[in-house]
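>>> The following comprises the amino acid sequence and a computationally predicted model.
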Amino acid sequence: LLPVPCSQDVSNGLRSPICCILGHVDSGKTKLLDCIRSTKVQEGEAGGITQQIGATFFPVQNIRKRTKELKADAKLNVPGLLVIDTPGHESFANLRSRGSGLCDIAILVVDIMHGLEPLTIESLSLLKMRGTEFIVALNKVDRLYGWKICPNAPILKAMKQQSKDVHIEFGNRLNQVIAQFKEQGLNTELYYKNKEMGETFSIVPTSAITGEGIPDLLLLLVQWAQKTMIEKLTYQNQVQGIILEVKVVEGYGTTIDVVLVNGVLREGDRIVVCGMKGPILTNIRAILTPHPMKELRVKGVFVHHKEIKAAQGIKIAAQGLKHAIAGTEMHVLGPDDDLEYVKEAAMEDMRYVMNRIGTS
Ligand code: GDP
């Protein structure tokens, strides 16, 4: 039997916060994700980081290790952090018009050389609408003229190495960005100067290429999530899952990639999902996750699970999923549930999806 992914460890009753990365094209979203899951972190697959379906799981031990230099004495209680892999995902567009958010917390990436751009502002209104907490990664600090590279260093340590000119350019650009956020009605401040987290959003200067500020970003994400979202992160049995993608996979037919936000899912469970031609009622034939060995992953060899616990990125194989719609919620039909009611709930999402198509 293969080892169970670590995100199932919910011994202290908390699930992993789910994080997504938003921002303008080319601000560095992909690079930032690459950087935080960097395989350079010596042992194993980057110290327990696991590739899931549509998401990457960072165990808390890994985060602790990478943030050691920050000497944070705060206890990290969550099992880890689940970061959604594909920021430009269709489902995010769908989720834009939905009230319930998939993510507990977000990273809003801003290119320090460009400031706020159209898609930054669009992401911002999305976050505001959903009431999602976020942290600003003021990315590409290594592009400041004369920047001295300090690989993977906490940002204050890196700043200490910089010349007066770099400090001046940094200060000017930072102030500009803060002013632009202000124009959008938001107070922002460098995270280590921010005394009113919650009222004022935190900015973490980062480089996704050389890694400065990444420890700060990781620590702040986890600390902030567990400080302000204990209730939301307290593990619940009620299944909550969002479809990220609908995909045909050889040997499995049409499958749905789902972020299981809460609860336990079992093989054979009856699920109801929103479909183009009406609600789809089906039984889970297989619950799949990528193979832990990289070579087998590319061949599409999956690990089958009899049951799986949130928070996880999984693939579900079942009959009749052809017309399922990405960005909508997956419902599990319990023994006491009224089928018609659940079907109606599943189709609720259609309205939001249609609204979006109508407005885009
Ligand atoms: P995305 O469109 O937001 O996902 O942006 P990418 O991650 O693809 O990055 C866009 C470009 O910016 C690529 O050429 C990256 O190598 C570059 N880039 C991203 N982050 C940084 C950074 O921190 N410093 C520098 N110098 N370049 C970066």
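All right, it came through fine. Numbering: from 1, shown residues only.
>>> Leu14: how many residues sit nearby?
Using other CB atoms under 10 Å, Leu14 has 19 neighbouring residues. Every C-beta, even on glycine, is put in place using the N, C-alpha and C of the backbone.
>>> what are the bridge partners for it, then?
Beta bridges link Leu14 to Thr234, judged by DSSP bridges.
>>> That one contacts Asn77, doesn't it?
Yes: contact criterion CB atoms under 8 Å: Leu14 and Asn77 qualify, at 5.7 Å.
>>> which residues do these two both contact?
Gln226 (CB atoms under 8 Å, 6 or more residues apart in numbering).
>>> Please report the distance of Ser163 from Val177.
Distance from Ser163 to Val177, counting by CB to CB, to the nearest Å: 21 Å.
>>> Could you do Val303 as well?
43 Å.
>>> now Gly263
Using CB to CB, Gly263 is found at 39 Å from Val177.
>>> More neighbours: these two, which one.
Comparing Gly263 with Val177 by neighbour count (other CB under 10 Å), the higher total belongs to Val177, at 21 against 18.
>>> Looks like that one contacts Asp111 (just checking).
No: using CB under 8 Å, Val177 is not in contact with Asp111, being 9.6 Å away.
>>> Need the CA coordinates for stretch 313-333. PDB is fine.
Provided in PDB are the C-alpha atoms of stretch 313-333 (Å, rounded to 0.1, in the frame of the first residue of the first chain):
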ATOM      1  CA  GLY A 313      -6.700  18.000  -4.800                       C
ATOM      2  CA  ILE A 314      -8.200  14.800  -6.300                       C
ATOM      3  CA  LYS A 315      -9.500  13.300  -9.500                       C
ATOM      4  CA  ILE A 316     -12.800  11.500  -9.500                       C
ATOM      5  CA  ALA A 317     -13.900   8.900 -12.100                       C
ATOM      6  CA  ALA A 318     -17.600   8.200 -12.500                       C
ATOM      7  CA  GLN A 319     -20.000   7.600 -15.300                       C
ATOM      8  CA  GLY A 320     -21.900  10.400 -17.000                       C
ATOM      9  CA  LEU A 321     -19.600  13.300 -16.200                       C
ATOM     10  CA  LYS A 322     -19.200  14.400 -19.800                       C
ATOM     11  CA  HIS A 323     -21.300  17.500 -19.300                       C
ATOM     12  CA  ALA A 324     -20.100  18.500 -15.800                       C
ATOM     13  CA  ILE A 325     -19.200  22.200 -15.500                       C
ATOM     14  CA  ALA A 326     -15.900  23.400 -14.100                       C
ATOM     15  CA  GLY A 327     -16.100  25.900 -11.300                       C
ATOM     16  CA  THR A 328     -19.200  24.400  -9.700                       C
ATOM     17  CA  GLU A 329     -19.700  22.600  -6.500                       C
ATOM     18  CA  MET A 330     -19.800  18.800  -6.100                       C
ATOM     19  CA  HIS A 331     -22.500  17.500  -3.700                       C
ATOM     20  CA  VAL A 332     -22.500  14.200  -1.900                       C
ATOM     21  CA  LEU A 333     -25.900  12.600  -1.400                       C
END
